[in-house]
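Undergrad: Fold the following and give me the result.
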Amino acid sequence: MASEDGISLRSRRLTAKTSGSLEMDGPMRTPEVEHHLTSNGKMDVEHIITKKMQLKMKAEHLKMDLMKHFDCQVNEFVDNLIEESAGLESPSVPSVFSAQLTEKERNKLRHLRSSPDHGKLFVTRRSLLDELFEINHIRTIYHMFIALLILFIISTLAMDFIDEGRLVLEFDLLVFAFGQFPLVVSTWLCMFLSAFIVPYGLFHLWARHYRSSRHPRLRSLLAGSLFLLFQVLGLGFLPTYVVLKNGLPPASRFIVILEQVRLIMKAHSFIRENVPRVLSSTKEKNSSLPIPQVSQYLYFLFAPTLIYRDHYPRNPSIRWGYVATKFLQVLGCLFYAYYVFVRLCIPQFRNVSLQPFNLKVTVLCVFNSILPGVLVLFLAFFAFLHCWLNAFAEMLRFADRMFYKDWWNSTSFANYYRTWNVVVHDWLYYYAYRDFLWLSGKRFRAAAMLSVFTVSAVVHEYALAICFGFFYPVLFCMFMCFGMMFNFILHDRRKGPIWNIIMWTSLFLGQGVLLCLYSQEWYAQRYCPIQNPCFLDLLKPRSWICNQQVSLTGPAD
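TA: Here you go, the predicted model:
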C-alpha cells in the first residue's frame, strides 16, 4: 500500500511539474512534444495512465520477488529451529510441565522415541528444486540443459546420417546396459519379499515372547544372530551371486545392488528403532508392547527414507500429473546420459586403453573427462535424488521432501557431505556415527567420523566393483584420502565465495578422475582379457599393462 501511494504521489507531482513547464515554455514547443498534447494544451492523460500502470506493475513484481525470498528465508529458519529443538535434552524441560502429564501420556511420548536422544524429526516441506524452479531465473538454467540435450540429439543424428547414410535410432547402448531385465525384476521381487517377511517376522516373534522368556538375553542373542545371518546371506550374498553368476550388464547390476543396499539399510533401521522401544516397555509391566503394524513396515519399505517411524507427515492428496512429470524427467535424464556417453565418452575412451599408460595420457584423459563427468553427476542427482524420490513421495503422500539441501552453495566439503544426499547421511549419522559415540561413551569423535567415512567408502566401492565387474579402488582411495583431508581442511569455518569456488573446482576434478580411470579400466578389461586369472590378477589394474599386451598379441575381438 505504501509503495502504491508513493507512486500515485510521484505521478501527481510529475503531472503538475510537466503541466507547469509546458505552460511556461509554450512558444518553444517542439513537434515531438506536440504529439503528447491535446487541443486544450494539456498533457495526454492516457500517456500518464500508461506510465503509472507500468510503475505499478514493476512494484508488484518487486513485491513478489521480495516475498518469495523472504518466504524461503523463513522456511529455512523454521526448519533449522525445528531440528535444533529436536536435539534438546528432555531434562531441560521444567518439571512443573512434566508433572501435568498422565502416566499414559508419558508412555506415549516415550514410545515416540527410540533412544534417550531424539532422532530425526520429519516435518512437511517441499524439495528445494521445486521451490527454486518457481523462479524464472533458475528455471532458465533448466531450459539450458534441455537445449543442450537437443543439441546432443541433433549432433548424434547428423553424425549417424553422415556415416551410415540413414538415421540410426537403435539405442544399442541402452539395450545392452539394461539387458536381462526380467531376471532383474524377479531378483528384486525375491529380495523385497524376504526383506518384508524375515525382519518383521523375527522382530514380532522376539517381542511377543521377550517378557515371558526365562532367558531373555539368550533369546535376544538368538534372534539377533538370525537377523544378522539373514542380512549377510539372504540380502548380502545371494543377490551378488545372482548378478555375477548370470553376468548381468552394468545398469541391471546397479539396479540389483542399489536395491540390495537399500533393503539392508531399511531392515537395520526397523530393528534398530523398535528393539529399544520393546526393551523400555518391558521395564513397565503395565505398558503395552509397541509392535508396529504390518502396514506400517510395508509403507516404510517403499517410503523415500531410511529412518523408520510408525507415522510420517502425509499430504492430503496425490498429484498424478506431478508424478507423471517426474517419471518423464527420469526417462529424459536416462536418454541424456545415453547421448553424453555416445558423444563425449565412447569416442574418447575406445582407444585410450591401447595407448601407453603415462602421465601425459592420464592428464589429458582427466581434463577431457571433466565435462561428461560433471554432466553425469548432475543427471544422477536430478534423476534420482529429485525426480525419482519425489515421484514415490507423491504417490505415498510422503510430505517430508528434504532429500537434499543446497549442496551447491557449500563452502566446505563437510557441509557438502551433509547436504548432497540427506537420505543416506541421516542413516550414517544416526546408526553409524551416533551409535559409535554411544558405544564409546561419547568419546573418540574422530574415530566415529572415520568409521562413517570407512563404511561409506566400502559400500560405494563394493557397488562399483560388482557393477563394473572389476576391482579398481579409485573411489575408495578418494574417499579415504582426499575426502578425509578435505573434510578437515575445508571445514565449516571456511566461508566466502572463494571456498565455494575451491569446492566446485575439486568436485569437477574428482569427477574427471573417476570417469577417466574407470573408463580406461573398463576398455582394458575388454581389450586385454586374462584366461584363468589368479587372485592377484583380479586385483591388478588391467589398464596399466594393456598396452604392452596389445603390442605383443593385438587387441581381443
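Undergrad: I'd assumed L464 was in contact with L475.
TA: Yes - using Cβ atoms under 8 Å, L475 is in contact with L464, at 6.0 Å. All C-beta spots, glycine's among them, are computed from the backbone N, C-alpha and C.
Undergrad: tell me which element the closest residue to I530 other than its chain neighbours is part of?
TA: Closest residue to I530 apart from its sequence neighbours, by Cβ to Cβ, 6 or more residues apart in numbering: D537 at 5.4 Å. In the assignment (DSSP states H and E), D537 maps to helix 535-539.
Undergrad: pull the CA atoms of that helix into PDB?
TA: The C-alpha coordinates for helix 535-539 follow below in PDB (Å, rounded to 0.1, in the frame of the first residue of the first chain):
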ATOM      1  CA  PHE A 535      43.500 -63.800  -7.300                       C
ATOM      2  CA  LEU A 536      46.400 -61.300  -7.800                       C
ATOM      3  CA  ASP A 537      45.400 -60.800 -11.400                       C
ATOM      4  CA  LEU A 538      41.900 -59.700 -10.300                       C
ATOM      5  CA  LEU A 539      43.500 -57.000  -8.000                       C
END
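Undergrad: Could you give the average pLDDT over that helix?
TA: The average of the pLDDT scores along helix 535-539 is 76.
Undergrad: got the buried residues for the host helix or strand of E273?
TA: For E273, the host element (DSSP H and E) is helix 250-282. Neighbour-count burial for helix 250-282, with 16 or more other Cβ atoms under 10 Å as criterion, is recorded at 250-257, 259-275, 277-278, 280-281.
Undergrad: Kindly report the same for stretch 194-201.
TA: If you call a residue buried by 16+ other Cβ under 10 Å, then stretch 194-201 has these buried ones: S194, A195, F196, V198, P199, Y200.
Undergrad: and if you look at stretch 284-299?
TA: Residues of stretch 284-299 classed as buried by neighbour count (16+ other Cβ under 10 Å): S287, P290, I291, P292, Q296, Y297, Y299.
Undergrad: list the contacts for W206?
TA: R219, S220, A223, V278 (Cβ atoms under 8 Å, 6 or more residues apart in numbering).
Undergrad: now, which of the residues you listed sits nearest N136?
TA: Nearest to N136 among these: V278, at 52.9 Å, using Cβ to Cβ.
Undergrad: does the residue lying closest to that closest one once chain neighbours are set aside belong to a helix or a strand, and which?
TA: Leaving aside its sequence neighbours, V278 sits nearest to A207 (Cβ to Cβ, 6+ apart; 4.8 Å). Using DSSP H and E, A207 maps to helix 181-210.
Undergrad: got the contact list for the helix or strand Y322 falls within?
TA: Under the criterion of DSSP H and E, Y322 resides in helix 320-340. Helix 320-340 is contacted by residues 145, 149, 152-153, 156, 171, 173-174, 372, 375-376, 379, 382-383, 386-388, 390-391, 394-395 when judged by Cβ under 8 Å, 6+ apart.
Undergrad: Kindly write the ChimeraX command that selects the buried subset of these.
TA: Here is the ChimeraX command that selects only those of the contacts of helix 320-340 that count as buried (16+ other Cβ under 10 Å):
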select :145,149,152,156,173,174,372,375,376,379,382,383,386,387,388,390,391,394
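Undergrad: Show only the entries of the contacts of helix 320-340 found in helices.
TA: 145, 149, 152-153, 156, 173-174, 372, 375-376, 379, 390-391, 394-395 (DSSP state H).
Undergrad: Lowest pLDDT pick from these?
TA: Within the ones in helices among the contacts of helix 320-340, lowest confidence goes to T156 (80).
Undergrad: pretty sure that one contacts L344?
TA: No - T156 is beyond contact range of L344, at 10.8 Å (criterion: Cβ under 8 Å).
Undergrad: hmm, which helix or strand of the protein has the shakiest average pLDDT?
TA: helix 95-98 (a mean of 32; mean pLDDT, DSSP states H and E).
Undergrad: OK, contacts around R350?
TA: Y523.
Undergrad: Read off the pLDDT value for it.
TA: Turning to R350, the model gives it a pLDDT of 77.
Undergrad: Could you do S410 as well?
TA: So, for S410, pLDDT stands at 87.
Undergrad: Ok, P276 next?
TA: 89.
Undergrad: same question, L14
TA: Listed pLDDT for L14 reads 41.
Undergrad: go on, the one 5 residues further on?
TA: In the prediction, the pLDDT value recorded for S19 is 46.
Undergrad: now do E134
TA: 88.
Undergrad: does it sit in a helix, a strand or a coil?
TA: Following DSSP: H, G, I helix; E, B strand; the rest coil, E134 is assigned to coil.
Undergrad: Relative to R126, how far out is it?
TA: From E134 across to R126, the span is 10 Å (Cβ to Cβ, to the nearest Å).
Undergrad: These two: who's more crowded?
TA: Neighbour count, other Cβ atoms under 10 Å: between E134 and R126, R126 has more, with 14 against 11.
Undergrad: Next, the nearest residue to that one once chain neighbours are set aside: phi, psi?
TA: Spatial nearest neighbour of R126, excluding adjacent residues (Cβ to Cβ, 6+ apart): R401 at 5.3 Å. Per-residue torsions, R401: phi -100, psi 20 (degrees, to the nearest 10).
Undergrad: which ones are touching R401?
TA: So R401 contacts R125, R126, S127, D130, L389, N390, A393 (Cβ under 8 Å, 6+ apart).
Undergrad: Figure out the helix or strand that the fourth one lives in.
TA: Here D130 is covered by helix 128-132, with elements defined by DSSP H and E.
Undergrad: Same question for that helix: list its buried residues.
TA: Buried-residue list, helix 128-132, by 16+ other Cβ under 10 Å: L128, L129, E131.
Undergrad: Format the residues you listed as JSON lines; extra columns: pLDDT and distance to G321.
TA: Shown next, in JSON lines, are the buried residues of helix 128-132 (pLDDT from 0 to 100; distance: Cβ to Cβ, whole Å):
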{"residue": "L128", "pLDDT": "91", "distance to G321": "21"}
{"residue": "L129", "pLDDT": "91", "distance to G321": "17"}
{"residue": "E131", "pLDDT": "90", "distance to G321": "18"}
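Undergrad: Go through those residues and say which is closest to C365.
TA: L129 (32.2 Å).
Undergrad: wait, what's in contact with the closest one?
TA: Contact analysis of L129 by Cβ under 8 Å, 6+ apart lists F382, H386.
Undergrad: and the gap between it and L66?
TA: Counting by Cβ to Cβ - L129 and L66 are separated by 21 Å.
Undergrad: mind listing what's buried in stretch 207-217?
TA: Going by 16+ other Cβ under 10 Å, stretch 207-217 has these buried residues: A207, Y210.
Undergrad: Looking at it now, give me its mean pLDDT.
TA: The model assigns stretch 207-217 a mean pLDDT of 80.
Undergrad: Endpoints of that stretch, how far apart?
TA: 12 Å (Cα to Cα, to the nearest Å).
Undergrad: same thing with stretch 523-532?
TA: Terminal-residue distance, stretch 523-532 (Cα to Cα): 19 Å.
Undergrad: So what's the gap between that stretch and the chain middle?
TA: Here the centre of stretch 523-532 is set off from its chain's centre by 35 Å, with Cα atoms, centre = their mean, to the nearest Å.
Undergrad: For the stretch 1-150 of the chain, give me the ranges with low pLDDT.
TA: Along the stretch 1-150 of the chain, segments meeting pLDDT under 70 span 1-47, 60-61, 63-65, 67-118.
Undergrad: do that again at 80, thanks
TA: For the stretch 1-150 of the chain, applying pLDDT under 80 flags the ranges 1-119.
Undergrad: can you pull out the strands in the chain?
TA: For the chain, no strands turn up when DSSP state E is the criterion.
Undergrad: Spatially central residue in it, please.
TA: L385 (3.4 Å; Cα atoms, centre = their mean).
Undergrad: roughly how far apart are it and F392?
TA: L385 is 12 Å from F392, by Cβ to Cβ.
Undergrad: Also Y336?
TA: As judged by Cβ to Cβ, Y336 and F392 stand 21 Å apart.
Undergrad: higher neighbour count, the two?
TA: More neighbours surround Y336 than the other of Y336 and F392, with 23 against 16 (other Cβ under 10 Å).
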